[in-house]
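> I need the structure of the sequence given here:
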Amino acid sequence: MSKLYSPESAASGVEQVLRLLEGRWKLIILFHLFDGKVQRYSDFEKLIPAISQKMLAQQLRQLEADGIVSRTVYPQVPPKVEYRLTEWGQALCPALDAMLKWAEKREV
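I've put the predicted structure just below:
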């Protein structure tokens with residue numbers, strides 16, 4: 001059963017979601033993980049060369065803390081760490097695609 005929203009509660013809910021996605025690099029990171037892709041930290045460094053190591057680590061930690069990305073550490077030397085979207089994070093893909101299509105309509 002869907003939750004009933006007032007205009008105020010709907011706006012508040014959307015603002016909360018937008019705050020989760022704030023950050024210059026979060027959306028780029030997410031798009032590299034869509035379609036069930038798994039990336040290692042070094043993959044992100046190659047895929048997003050303009051991001052600093054500090055910022056990449058910070059953005060990944062925030063996405064993990066918010067439950068959007070999961071981090072798996074393998075006990076080996078050197079350490080192997082993989083990042084993938086959680087089920088909830090993967091469910092974000094259609095919403096972002098819809099926003100992209102919405103934005104395209106303005107450009108016409």
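
> which residues sit in contact with the most centrally placed residue in the chain?
Computing the C-alpha centroid of the chain and ranking residues by CA atoms, centre = their mean puts residue 30 first, at 3.6 Å. Neighbour list for residue 30: 21, 63, 68, 69, 85, 89, 92, 96 [criterion: CB atoms under 8 Å, 6 or more residues apart in numbering]. Any C-beta I mention is one placed from the backbone N, CA and C, and that applies to glycine too.

> The last one: what's it in contact with?
In this structure, residue 96 makes contact with 27, 30, 31, judged by CB under 8 Å, 6+ apart.

> element containing it, please.
In this structure, residue 96 is located in helix 92-107 according to DSSP states H and E.

> Just the buried residues of that helix, please?
92, 93 (16 or more other CB atoms under 10 Å).

> so where is the protein shaky, pLDDT-wise?
Within the chain, the ranges that satisfy pLDDT under 70 run 1, 107-108.

> the helices in it, which residues?
7-21, 26-33, 41-47, 53-65, 87-90, 92-107 (DSSP state H).

> With respect to residue 78, which of these lies nearest?
helix 41-47 (10.1 Å; CB to CB).

> buried stuff in the closest one?
Buried residues in helix 41-47 (16+ other CB under 10 Å): 41, 44.

> ok, now stretch 75-92?
Buried, per 16+ other CB under 10 Å, within stretch 75-92: 83, 85, 86, 89, 90, 92.

> where does that stretch sit relative to the chain's centre, distance-wise?
Relative to its chain's centre, stretch 75-92 lies at 12 Å (CA atoms, centre = their mean, to the nearest Å).

> what's the first-to-last distance across it?
30 Å (CA to CA, to the nearest Å).

> Touching it from outside, list them.
Around stretch 75-92, the neighbours that count as contacts under CB under 8 Å, 6+ apart are 30, 33-34, 36-41, 44, 60, 63-64, 67-74.
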